[in-house]
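Q: A predicted structure for the sequence below; I have some questions about it.
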Amino acid sequence: MIAYIKGQLTQKTPAYVVIETTDGVGYHVNISLHTFTQIQQADTCKLHTHLHIKEDAHTLYGFADETEKNLFQHLISVSGIGPATAQIMLSSLNPAEIQEAIITENEAVIRTMKGVGPKTAKRVILELKDKLIKLPVSVSIAEIAGSGPAATVKEDALTALLSLGIAKPMAQRAIARVLRENADISSVEMLIKQALQAL
């Protein structure tokens with residue numbers, strides 16, 4: 001098991017990064033928006049990792065802190081939630097918000113996340129509430145405003161949504177809808193979060 005990866009960030013998007021370690025190996029690591037906001041300005045980083053193994057793929061998921069990694073592992077322990085869905089959940093809300101929603105049995109909030117239906121939301125609460133009460137609460141990270149022009153923000157958001165497995169037409173419609181309702185969005189993270197909720 002790979003516990004963590006530390007190295008140079010050679011590629012960085014809101015959905016994944018490539019980290020080159022000192023031995024010259026570059027690791028493709030899927031990340032959430034929560035992690036992205038914490039490493040967005042960094043050139044090097046250390047990510048706690050979870051290796052998901054299937055017959056046809058070995059996929060690494062990375063987290064800026066252990067608390068988010070623990071929450072991710074709890075989420076994928078629930079039937080109906082795979083790593084991709086858990087990654088989307090952690091990109092829709094930050095870990096503290098997800099943890100609070102589960103502990104307070106706020107099914108409506110859990111159902112706002114793409115890929116989580118009524119039955120799965122109930123199952124998440126039933127299976128994880130008691131476990132998450134014992135976990136430390138993640139710190140909510142303030143959104144970092146994007147400095148690029150609107151076109152770049154839209155392109156970065158679209159790329160991230162496609163990386164999360166969302167079909168391009170759906171992603172484009174969601175982004176357009178969000179920008180119609182709030183044309184002043186300049187943060188990639190905020191645009192992605194709102195687009196995920198609009199899907």
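A: Done, it's in.

Q: Break the protein down into its domains, please.
A: As assigned by automatic domain parsing, the chain contains the domains 4-63, 66-133, 150-198.

Q: any chance of those in JSON lines, with mean pLDDT too?
A: Below are the domains of the chain laid out as JSON lines (pLDDT from 0 to 100):
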{"stretch": "domain 4-63", "mean pLDDT": "93"}
{"stretch": "domain 66-133", "mean pLDDT": "91"}
{"stretch": "domain 150-198", "mean pLDDT": "84"}
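
Q: residue farthest from the centroid of the protein?
A: What lies farthest from the middle of the chain is D23; by CA atoms, centre = their mean that is 27.9 Å.

Q: Could you report the separation of it from N30?
A: 21 Å (CB to CB, to the nearest Å). (C-beta placed from N, C-alpha, C; glycine too.)

Q: What of L71?
A: Distance, L71 to N30, using CB to CB: 15 Å.

Q: higher neighbour count, those two?
A: Neighbour totals were compared for L71 and N30, and L71 leads with 27 against 20 (other CB atoms under 10 Å).

Q: follow-up on the earlier one: relative to C45, how far out is the residue farthest from the centre of the chain?
A: To C45, D23 is 17 Å away according to CB to CB.

Q: Show the residue spans covered by the strands in the protein.
A: Assigned by DSSP state E, the chain shows strands spanning 4-12, 16-20, 26-30, 44-53, 58-63.

Q: G165: which of those is closest?
A: The closest of those to G165 is strand 26-30. By CB to CB, the value is 10.5 Å.

Q: Of the strands of the chain, which is nearest D156?
A: That would be strand 4-12 among the strands of the chain, by CB to CB, at 10.4 Å.

Q: for the longest helix seen in the chain, which positions count as buried?
A: Looking across the chain with DSSP state H, the single longest helix is helix 118-133. Neighbour-count burial for helix 118-133 flags 120-121, 123-125, 127-128, 132 (criterion: 16 or more other CB atoms under 10 Å).

Q: likewise stretch 191-198?
A: Applying 16+ other CB under 10 Å to stretch 191-198 flags 191-196 as buried.

Q: Would you mind pulling the contact partners of it?
A: 14, 33, 88, 91-93, 112-114, 153-154, 157, 160-161, 164, 171, 174-175, 177-179, 182, 185 (CB atoms under 8 Å, 6 or more residues apart in numbering).

Q: at 6 Å instead, please
A: The contact list for stretch 191-198 (CB atoms under 6 Å, 6 or more residues apart in numbering) reads 14, 33, 92, 112, 114, 153, 157, 160, 174-175, 177-178, 185.
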